[in-house]
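1. just need the structure, nothing else, for what follows:
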Amino acid sequence: MQNNANISEGKTRPVFAERILQFLNALSAIHRFIGRFFKEAFSPPYEIREVIRQCFNVGYKSLAIITLTGFITGIVFTKQSRPSLSEFGATSWLPSLISIAIIRALSPLITALIAAGKIGSNIGAELGSMNVTEQIDAMEVSGTNPFKFLIVSRVVATTCMLPVLMVYAAFVGLMGAFLNVHQNELTSFTTFIHDAFVRISFLDIFASVAKSIVYGFTIGIIGCYLGYNASRGTVGVGKAANSTVVISMFLIFIEEMIIVQIVNLLR
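-> Model (predicted):
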């Protein structure tokens, strides 16, 4: 029995050590991938046309779902907050409460999660299918830099467009909240906007934009890395798309926690 226990312990240790080694190798590969991105991003020639095309795919094609989600978020949050404030006779605080919640937290986070599910999975699947069908190898043979054309353009597009989508989502969310407040309290639009932004500081806006930039870069780099390094076969394409969504959402929540702590120290 003792010999069997020693054998099983000997088998467990190498497996555990191998997993740690694989994790460290993955971190090293991602580090090199990010380093190569910055090197390619700031060296000519620049793929301006492809960047614009990717910005269109990331931004314009996401407006419908961002509009619907932001509008519903504003209405639902207002409906949920009114009964609690009514108990204290503080329904006049609704615009300020809603604007703080939407601008500080909801619009960056919801926009990033939607982008991770829609844009991130699309990037992972698209690059994964190109890798599987050897289109990336064909681009290298033809003299095109596939990393600059495929990776840099997509990461730059997600990094630039997510703050724009965040601002748009916040605006739509506030409009949804205004319709609900106007329906119940007959508050004018001018009064609602004044009360909504009276508690919002420049730090809040700057922090939300900074969050969106970080989230956009995270979604773009994770989707491109997993798609660019997808294993051969259709299973690898699906795995790249699914892993992009899961890992991006996990990192977004971690980054949210870290950025909130930093912003609170600056208040």
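
2. C-alpha only now, for contacts and for neighbours.
-> Noted.

3. surely residue 197 meets residue 98?
-> No. The criterion here is Cα atoms under 8 Å, and residue 197 misses it with residue 98 at 10.0 Å.

4. more neighbours: the two, which one.
-> residue 98 (23 against 16; other Cα atoms under 10 Å).

5. nearest residue to that one other than its sequence neighbours?
-> Using Cα to Cα, 6 or more residues apart in numbering and skipping the chain neighbours, the partner closest in space to residue 98 is residue 78 (6.8 Å).

6. circling back: list residues touching both of residue 197 and residue 98?
-> The contact sets of residue 197 and residue 98 do not overlap (Cα atoms under 8 Å, 6 or more residues apart in numbering).

7. tell me the average confidence for the strand or helix carrying residue 70?
-> For residue 70, the element it lies in under DSSP states H and E is helix 63-87. Averaging pLDDT along helix 63-87 gives 88.

8. run the angle between the helix or strand following that helix and helix 63-87 for me.
-> Once helix 63-87 ends, the next helix or strand along the chain (criterion: DSSP H and E) is helix 94-101. With axes from the mean of the first three to the mean of the last three Cα atoms, to 10 degrees as the basis, helix 94-101 and helix 63-87 are set at 130 degrees to each other.

9. where are the low-confidence patches of this protein?
-> 1-13, 232 (pLDDT under 70).

10. could you redo the last one with a cut-off of 50?
-> Low-confidence regions of the chain, defined here as pLDDT under 50, cover residues 1-2, 5, 7-11.

11. quick one: the helices in it?
-> Taking DSSP state H, the helices of the chain run over residues 2-41, 48-59, 63-87, 94-101, 107-115, 121-132, 135-141, 146, 153-185, 189-197, 202-228, 234-266.

12. who does the last one touch, helix- and strand-wise?
-> When you say that, I think you mean helix 234-266. The helices and strands touching helix 234-266, judged by 3 or more Cα pairs under 8 Å, 6 or more residues apart in numbering; DSSP states H and E, are helix 107-115, helix 121-132, helix 202-228.

13. can we see that at 7 Å?
-> helix 121-132, helix 202-228 (3 or more Cα pairs under 7 Å, 6 or more residues apart in numbering; DSSP states H and E).

14. the fifth one now?
-> Packed against helix 107-115, as judged by 3+ Cα pairs under 7 Å, 6+ apart, are the following elements: helix 153-185, helix 202-228.

15. isn't residue 73 right up against residue 174?
-> No. With contacts counted by Cα atoms under 7 Å, residue 73 stays clear of residue 174, the gap being 9.1 Å.

16. who has more neighbours, the two?
-> residue 174 (26 against 23).

17. how much space separates that one from residue 91?
-> From residue 174 across to residue 91, the span is 16 Å (Cα to Cα, to the nearest Å).

18. and the helices and strands packed on helix 107-115: which comes nearest residue 50?
-> Checking the helices and strands packed on helix 107-115 against residue 50 by Cα to Cα gives helix 153-185 as the closest, at 6.2 Å.

19. that closest one: which residues count as buried?
-> Residues of helix 153-185 classed as buried: 153-163, 165-181 (neighbour count, 16 or more other Cα atoms under 10 Å).
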